[in-house]
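Enquirer: just coords:
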């Protein structure tokens with residue numbers, strides 16, 4: 001009886017080794033795919049600028065009682081695809097990696113002590129058949145800007161954005177902003193909308209804050 005049991009166990013070990021050897025080539029073939037799915041560099045979307053845009057929108061960023069060394073560090077407009085022209089999702093995560101949106105920089109120029117101005121176009125991206133599924137139509141998702149001061153740019157910036165439907169936004173931030181962490185990273189400052197500012201900041205402390213506003217206005221030719 002013991003001999004029979006030992007023979008059965010030995011047979012199972014032999015079978016396991018055979019199965020393992022049979023699966024090795026398959027596992028080796030799948031290994032690059034499994035290890036690469038999270039690290040593979042993705043090809044940027046092939047989107048193109050509209051060579052003759054017509055729908056200009058003026059961006060104005062204004063500061064109120066801000067630090068004297070504040071300046072516009074950058075601005076942008078983000079477009080989203082507004083129709084069904086995208087290819088099927090083909091990754092394990094089931095996520096579109098940036099193909100449904102595209103962002104362009106906006107050049108802001110200082111036009112006064114507290115005012116910065118720039119322009120983008122609602123039709124700034126070309127409506128083309130990028131994926132073989134018909135022309136992609138674009139809509140503006142939002143436009144925004146980042147402000148910085150020389151004294152605090154090493155650890156924070158002041159961000160504000162608005163949709164074309166909202167047309168404007170305003171935020172309040174403390175003059176005595178401090179680093180949020182000691183990790184050396186740069187984090188956005190806490191920008192409060194007017195409703196929260198009025199609710200949370202006592203009247204006696206409001207002089208310690210400054211505001212910044214963005215407006216989006218279609219340009220009339």
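Expert: That came through fine. This one's a predicted model, so the numbers in the text were calculated from it and none came from an experiment.

Enquirer: quick one: the strands in the protein?
Expert: Along the chain, the segments classed as strands by DSSP state E run 56-64, 70-81, 101-106, 109-112, 115-121, 138-149, 156-162, 168-174, 187-188, 209-218.

Enquirer: any idea of the pLDDT on residue 37?
Expert: We have a pLDDT of 48 for residue 37.

Enquirer: roughly how far out does stretch 207-221 sit from the chain middle?
Expert: Offset of stretch 207-221 from its chain centre (CA atoms, centre = their mean, to the nearest Å): 22 Å.

Enquirer: same check, this time on stretch 66-79
Expert: Centre to centre, stretch against its chain (CA atoms, centre = their mean), the figure for stretch 66-79 is 16 Å.

Enquirer: tell me the mean pLDDT over it?
Expert: 96.

Enquirer: circling back to that earlier point, dump the strands of the chain to a markdown table, plus distance to residue 87 and mean neighbour count.
Expert: C-betas here are computed from N, CA, C, even on glycine. Below are these laid out as a markdown table (distance: least, CB to CB, whole Å; neighbours: other CB atoms under 10 Å):
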| stretch | distance to residue 87 | mean neighbour count |
| --- | --- | --- |
| strand 56-64 | 30 | 18 |
| strand 70-81 | 11 | 19 |
| strand 101-106 | 15 | 16 |
| strand 109-112 | 39 | 10 |
| strand 115-121 | 26 | 19 |
| strand 138-149 | 17 | 20 |
| strand 156-162 | 29 | 20 |
| strand 168-174 | 34 | 19 |
| strand 187-188 | 33 | 12 |
| strand 209-218 | 31 | 18 |
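
Enquirer: and the gap between the residue nearest to residue 56 when sequence neighbours are not counted and residue 137?
Expert: Leaving aside its chain neighbours, residue 56 sits nearest to residue 219 (4.0 Å; criterion: CB to CB, 6 or more residues apart in numbering). As judged by CB to CB, to the nearest Å, residue 219 and residue 137 stand 22 Å apart.

Enquirer: So between these two, which is more surrounded?
Expert: residue 137 (13 against 10; other CB atoms under 10 Å).

Enquirer: Please name the residues that touch that one.
Expert: The contact partners of residue 137, taken as CB atoms under 8 Å, 6 or more residues apart in numbering, are 81, 82, 83, 85, 127.

Enquirer: what do you get if the cut-off is 6 Å, keeping everything else the same?
Expert: 82, 83, 127 (CB atoms under 6 Å, 6 or more residues apart in numbering).

Enquirer: And for residue 209?
Expert: Contacts of residue 209 (CB under 6 Å, 6+ apart): 172, 174.
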